[in-house]
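1. Sequence isn't available, so here's the structure alone:
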DNA sequence: GTAGGGTTAG
């Protein structure tokens, strides 16, 4: 019996053609007769032999043949990747799409995922729309096209190209390809992280319209996005949506909403947060450690350490153990209040209860010392942390660098920056902002320019804080008009101006006695959709008082209270010095009345 | 693939 070499993939062919590679291969021929050899060489990964076999033939031809044949698409993929690397070429979009279609038809999903991931990573010139066109013309399975589109969206998200992911999401709708939560949820999550809340809302609405599966994660992500930008009523609407879809709010839903309320600076926010806690319990969703951590931190930020401690004790009665995060919130608050002995006592408690402090624990404690001007203690603790084998983070360094800058110790600040680089922690925008603010305080504009150039050269981008520092510096120099021009520059750089930007400029104008200009800035701010916050009112109230316009100032104070904004320490200080001492008295709600008879 | 803590500007 002599085996017939009839099968392309039969072992005998290979043995007969080139037993052990000792004989030269038959040269590649561009008709299909070479395909079995090529296939065999690929499956054995005999790349050297394959290259010899191909000789001077175009590497495209075998790809074309493989795509036209019924060989395992994984072999085609291997050839695709090898040939791109070996011949330093990029295969055409059409061939790429044919390959991805054959992988999809063979249900080789992990292979598709990594193929699309590298495709998206390396490809910067092909538009999303041409990719979709190619997907739709290079395969006829609608189902496969949908899976490909889904994975493409995910590939963009995973490559941090969320704007392209968003575009692909829209294109998929144009072509009627059906996406899934597998890609849409990460897309939503990426858009939330980038504060692109309008896009989040668009994707969410489209998911419902296109009947894409919307699960608890989708809802929770959207709710988180809305909470992040303070649209808490809309977030509650989404909770209603989710109930209507038969998805019950879970502990993450409630935690997200509670956190949203905690972060909003309105009167009664913690009351509302507490109400949601009760609601979740009534709906039989058990609060977890994270729920309590959110509440504890919320009360700390609300200047209510007593309430925070009460929740802390309540946690234990619910059978929940405080975590590192719980302690970090409390230590942070104690440190910021200057209660450093209590803060380090809390650290001891935490260690005593078997928890291991992390770098955040030390960062907040170091910050506490810094804010109290206890630099010796701060740096001692820093050394201690290093000795314990905990790596300081960029935040640790920034905390100390800022403290040095604020203390006028610019040399120490720059020395610490050198040392962080030596240890492999690289300065970020915040590091530079701290140094820039220090130099501005010294009036060293030349050094500021140099530093900004340096950060740009390192590929770091100036941010809104950098500009706010510069705006403030100009205002302090009595150059508010120049500062105003920086705002236009910020817009040109598509930086999002924030409250601090506007308030700083308003303050600059107020201090120059130019109230008109200050009020114009407020108008501009509101045109941009930003409502005046407590600090805005503080600046304007103070400005009006300084001009002797006490009744107008009082009007603004009332307006602020009516809008549910909580007066802060600065407000009280202004009201005391500028109003109470000049004949106004407060009623029980904080409204002021002029009793001097005017 | 969803929730919690730390640094900078007013």
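-> Yep, that arrived. All figures in this text were calculated on a predicted structure; none of them were measured in a lab.
2. Show the backbone phi and psi for residue A:565.
-> Taking degrees, to the nearest 10, you get phi -80, psi 140 for the backbone angles of residue A:565.
3. The helix of greatest length in chain A - what's its average pLDDT?
-> The longest helix of chain A (DSSP state H) is helix A:142-158. For helix A:142-158, the mean per-residue pLDDT is 97.
4. So what's the gap between that helix and the chain middle?
-> Distance of helix A:142-158 from the chain centroid (C-alpha atoms, centre = their mean, to the nearest Å) equals 23 Å.
5. got it, and stretch A:168-185?
-> Relative to its parent chain, stretch A:168-185 has a centroid offset of 23 Å by C-alpha atoms, centre = their mean.
6. So is it next to DNA strand B?
-> Yes - Stretch A:168-185 reaches DNA strand B (C-beta under 7 Å from any atom of the strand) through A:181-182, A:184-185. The way it works is simple: take the backbone N, C-alpha and C, and place the C-beta from them, glycine included.
7. rewinding a little: the longest helix of chain A - contacts with which helices or strands?
-> Applying 3 or more C-beta pairs under 8 Å, 6 or more residues apart in numbering; DSSP states H and E, one finds that helix A:142-158 makes contact with helix A:93-105, helix A:109-122, helix A:128-137, helix A:162-175, helix A:181-193.
8. Now mean neighbour count too, for those, in a markdown table please.
-> Formatted as a markdown table, the helices and strands packed on helix A:142-158 follow (neighbours: other C-beta atoms under 10 Å):
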| stretch | mean neighbour count |
| --- | --- |
| helix A:93-105 | 21 |
| helix A:109-122 | 17 |
| helix A:128-137 | 18 |
| helix A:162-175 | 20 |
| helix A:181-193 | 22 |
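9. Please name whichever of those helices is nearest to residue A:539.
-> helix A:181-193 (31.4 Å; C-beta to C-beta).
10. residues in contact with that closest one?
-> Outside helix A:181-193, the residues that touch it by C-beta atoms under 8 Å, 6 or more residues apart in numbering are A:150-151, A:153-154, A:157-158, A:160, A:162, A:165-166, A:169, A:197, A:199-200, A:203-204, A:207, A:212-215, A:217-218, A:221-222, A:224-225, A:228.
11. make it 7 Å
-> Applying C-beta atoms under 7 Å, 6 or more residues apart in numbering, the contact partners of helix A:181-193 are A:150, A:153-154, A:157, A:162, A:165-166, A:169, A:199-200, A:203-204, A:207, A:212-213, A:215, A:217-218, A:221-222, A:224-225, A:228.
12. separation between the residue most central in space within chain A and residue A:74?
-> Of all residues in chain A, the one closest to the mean position by C-alpha atoms, centre = their mean is residue A:193, 3.6 Å from it. For residue A:193, the distance to residue A:74 equals 35 Å [C-beta to C-beta, to the nearest Å].
13. Kindly report the same for residue A:481.
-> Residue A:481 is 67 Å from residue A:74, by C-beta to C-beta.
14. Can you name the residue of the stretch 201-350 of chain A nearest DNA strand B?
-> Per C-beta to the nearest atom of the strand, residue A:220 is where the stretch 201-350 of chain A lies closest to DNA strand B, at 2.8 Å.
15. Which strand or helix spans that residue?
-> Per DSSP states H and E: residue A:220 is located in helix A:216-228.
16. Residues contacting that helix, please?
-> Against helix A:216-228 from outside (C-beta under 7 Å, 6+ apart): A:181, A:184-185, A:188-189, A:192, A:195, A:197, A:200, A:204, A:207, A:234-235, A:238-239, A:242, A:247, A:250, A:252-253, A:256-257, A:259-260.
17. Could you point out the helix or strand that follows it?
-> Next along the chain from helix A:216-228, counting by DSSP H and E, comes helix A:232-244.
18. Run through the neighbouring helices and strands of the helix or strand following that following helix.
-> Under the assignment DSSP H and E, the closest C-terminal helix or strand after helix A:232-244 is helix A:251-263. Secondary-structure packing of helix A:251-263 (3 or more C-beta pairs under 7 Å, 6 or more residues apart in numbering; DSSP states H and E): helix A:216-228, helix A:232-244, helix A:269-282, helix A:289-301.
19. In CSV: the ones you listed, plus distance to residue A:42.
-> Shown next, in CSV, are these (distance: least, C-beta to C-beta, whole Å):
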stretch, distance to residue A:42
helix A:216-228, 40
helix A:232-244, 49
helix A:269-282, 57
helix A:289-301, 51
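20. would you list those in JSON lines and tack on distance to residue A:408 and mean pLDDT?
-> Supplementary listing: these in JSON lines, determined by distance: least, C-beta to C-beta, whole Å; pLDDT from 0 to 100:
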{"stretch": "helix A:216-228", "distance to residue A:408": "37", "mean pLDDT": "97"}
{"stretch": "helix A:232-244", "distance to residue A:408": "42", "mean pLDDT": "95"}
{"stretch": "helix A:269-282", "distance to residue A:408": "38", "mean pLDDT": "93"}
{"stretch": "helix A:289-301", "distance to residue A:408": "30", "mean pLDDT": "97"}
